[in-house]
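>>> Here's a sequence, model it:
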Amino acid sequence: MLHTIQADFYRLFRSKGFWISEVLLLLNIISGVFLGAAGNIGVQRSSQETLNTDTWTGFKSLVNYSNNISTTLLFTLIIIAIVVGVDLNQRLYKNSITCGVSRTSYFFAKASVIIAISFSQLLLSYALAFILGTIAHGLGTAPHNFAAYFTIAVLIQLLCSLAWVSIATFALYITHSIVAIFVTFILGTVVLGLPPVLFPKIELFKYISLNFNFSLASDATTAQNSALAALGFIVIFTLFGLIIFKKQDL
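The predicted structure follows:
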């Protein structure tokens, strides 16, 4: 299992696709810091979440970019497509399984890599936003209880990211098609993002949209329910992905 993880990261860092995706992520953050508008994917619950026309200082960049974290998720899925998608698409996993690695061990080795990638991409995005915002416009003023609310926001966004990744990789394990990752993500953001917009009075829809940002962190109920909804998606789709992978022919 450890050798599988090491091999994945070795291959990842030698991949041109990985470095190109990181450059594009950097450019997206730069556009937010200097132009006031970073890319975003999916349905937004209100126009206020997307109109960040104020100056992106260091602290403000962290707050504003929390509304655009779906772009980071897209680049995370690109990296996962390189690490997991290529293996499944070309059935390279047969080399590991025929050499004595169980399917369960292989699956959770890939899951460990996915968690590490998701976490590092999230931290990298915020670090770049903060550094670039501070260099360009100064540190700015931290909002009230910033450290606590920002920590909550990042942790729940990590859970939401892992939930989206679980859904996308579930589609990947079914189809062995890299395209399925992105189709599932794009359609999923619409399917889960529209109900909160169309039915704003139904609280449940706000949590299953897997869309969390800094402004929601101050509401303990919203934070708790969003975290529970994300954990539910993670458990369900990870379990289904494992079951399907174990039953498929080599």
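>>> Count the residues that sit near residue 180.
Applying other Cβ atoms under 10 Å, we find 21 residues neighbouring residue 180. Every residue, glycine included, has its C-beta placed from N, CA and C.
>>> My error: substitute residue 136 in the last question.
15.
>>> what's the spacing between residue 137 and residue 130?
In this view, residue 137 and residue 130 are 11 Å apart by Cβ to Cβ, to the nearest Å.
>>> Oh, that last question was meant for residue 69, not what I typed.
14 Å.
>>> before we move on, what about residue 144?
18 Å.
>>> more crowded one of the two?
Neighbours were counted for residue 144 and for residue 130 using other Cβ under 10 Å; residue 130 has more, 22 against 8.
>>> Just list the residues touching that one, thanks.
Each residue near residue 130 by Cβ atoms under 8 Å, 6 or more residues apart in numbering is listed here: 58, 59, 61, 62.
>>> So which of those wins on neighbours?
Within the contacts of residue 130, neighbour counts (other Cβ under 10 Å) peak at residue 61, which reaches 27 neighbours.
>>> With residue 180 as the reference, measure out to the closest residue to residue 214 other than its chain neighbours.
Take residue 214 and drop its neighbours on the chain: the residue closest to it by Cβ to Cβ, 6 or more residues apart in numbering is residue 66, 4.1 Å away. Going from residue 66 to residue 180 by Cβ to Cβ gives 28 Å.
>>> Check residue 84 too.
Look at residue 84 and residue 180: by Cβ to Cβ, they are 12 Å apart.
>>> Mutual contacts of those two, please.
Listed as contacting both residue 84 and residue 180 by Cβ under 8 Å, 6+ apart are residue 172.
>>> mind putting the contacts of residue 130 in CSV, secondary structure included?
Converted to CSV, the contacts of residue 130 look like this (DSSP: H, G, I helix; E, B strand; the rest coil):
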residue, secondary structure
58, helix
59, helix
61, helix
62, helix
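>>> closest to residue 150 among these?
Nearest to residue 150 among the contacts of residue 130, counting by Cβ to Cβ, is residue 62 at 6.3 Å.
>>> can you pull the contacts of the closest one?
Per Cβ under 8 Å, 6+ apart, neighbours of residue 62: 126, 129, 130, 133, 150, 214.
>>> Pull out the buried residues from the helix ranked longest in the chain.
Ordering each helix of the chain by length in residues (DSSP state H) puts helix 103-137 first. By neighbour count with 16 or more other Cβ atoms under 10 Å, helix 103-137 contains the buried residues 103, 106-111, 113-114, 117-118, 121-122, 124-126, 128-130, 132-134, 137.
>>> Direction-wise, compare the helix or strand following it with helix 103-137 and give the angle.
Sequence order places helix 146-175 as the next helix or strand after helix 103-137, per DSSP states H and E. Counting by axes from the mean of the first three to the mean of the last three Cα atoms, to 10 degrees, helix 146-175 points 140 degrees away from the direction of helix 103-137.
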